[in-house]
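Chemist: Build me a model:
(one chain, ligands or ions: 1)
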Amino acid sequence: MPDQRGGPDGLTSLDQLKARTMACRECPIGEFATQSVIGEGKLKPKLMLVGEQPGDQEDLQGHPFVGPAGKLLTRALEDAGIQRAQVFVSNAVKHFKFELRGKRRIHKSPAVREIVACQHWLEDEIALVQPAALVALGASAARSLLGRAVPVMANRGQWLPRADGREVLVTLHPSALLRVDPEDRETAIEAFVADLRQAQRLFRR
Ligand code: SF4
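Modeler: Next comes the predicted model:
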């Protein structure tokens, strides 16, 4: 059974998590982002999906997975037989890291030390949301959820245990699929849907 104890910071609501992460400067990312972005969706869900960090649109709108990767994720979930309204979606890192190229803000992956710095906020969120199981979307999420480096391609479609008793399904981040050559993209999306289908059985119980 999942651990029912609270998170490391003793928060009692997602509003508190939003306020505390807005003010957080425990790593350099927070200073440059518009705002922190915490997760949204169903509480006490069968599944909580965790990505890497907010993107450009998420940073501006203040909501997770609302950009192109989010749209792809919603579609893939539906193809796997899971409605997005049934799950909670969030990110390992709560602020958007980017570099400026002209006026464009280009996504930059968080460093390991930044993922580690933000990990306690994710643990607070898990304690508040109380999911039965988790999905790690990509290497940053897998590292944060499992506390170690996890080779994603070698472990995709597999359930790995966490210390709190919850299982974590490992798969790619949907943004990785957007970078696949167009002629190979549908095949890559089908493989992603097949990974997510591993979690669909949770909804039949
Ligand atoms: S990314 Fe996380 S650790 Fe870094 S400043 Fe934002 S909330 Fe704090």
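Chemist: so after whichever strand or helix holds Val50, what's the next helix or strand?
Modeler: According to DSSP states H and E, Val50 maps onto strand 47-51. Proceeding N to C from strand 47-51, the next assigned helix or strand is helix 56-61, under DSSP H and E.
Chemist: where does this structure dip in pLDDT?
Modeler: 1-5, 205 (pLDDT under 70).
Chemist: rewinding a little: any chance you could list what contacts the strand holding Val50?
Modeler: 39, 41, 64-65, 69, 73, 82, 86-92, 122, 126, 129, 131-138, 140-141, 144-145, 173-174, 199, 202-203 (CB atoms under 8 Å, 6 or more residues apart in numbering). Heads up, the C-betas are built off the backbone N, CA and C, glycines and all.
Chemist: Weed out the non-buried ones from these.
Modeler: Buried by 16 or more other CB atoms under 10 Å: 39, 41, 64-65, 69, 73, 82, 87-92, 122, 126, 129, 131, 133-138, 140-141, 144-145, 173-174, 199, 202, out of those.
Chemist: still on that earlier bit, give me the subset of the contacts of strand 47-51 lying in helices.
Modeler: Among the contacts of strand 47-51, the members found in helices (DSSP state H) are Ala69, Leu73, Leu122, Ile126, Val129, Ser140, Ala141, Ser144, Leu145, Pro174, Ala199.
Chemist: Could you tell me which residues of the protein lie near the ligand?
Modeler: Within the chain, the positions lying close to the ligand (CB under 6 Å from any ligand atom) are 21, 24-27, 29-30, 36, 93-95, 114, 117-118, 121.
Chemist: Select only the buried ones of those in PyMOL?
Modeler: With 16+ other CB under 10 Å as the criterion, this PyMOL line picks the buried residues out of the residues of the chain next to the ligand:
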select buried, resi 21+24+27+29+30+36+93+94+95+114+117+118+121
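Chemist: what's the neighbour count on the nearest residue to Gln57 once chain neighbours are set aside?
Modeler: Counting by CB to CB, 6 or more residues apart in numbering, Gly67 is the residue found nearest to Gln57 once chain neighbours are left out, at 3.6 Å. By the criterion of other CB atoms under 10 Å, Gly67 has 21 neighbours.
Chemist: And Lys97, by the same measure?
Modeler: Lys97: 22 neighbours (other CB under 10 Å).
Chemist: Go ahead and confirm it touches Arg105.
Modeler: No. At 9.7 Å, Lys97 and Arg105 do not qualify as touching, with contact defined as CB atoms under 8 Å.
Chemist: what about the strands in this protein?
Modeler: 40-41, 47-51, 88-91, 98-101, 104-107, 133-137, 159-161, 167-171 (DSSP state E).
Chemist: how many degrees apart are the strand holding Val50 and helix 139-146 in direction?
Modeler: 130 degrees (axes from the mean of the first three to the mean of the last three CA atoms, to 10 degrees).
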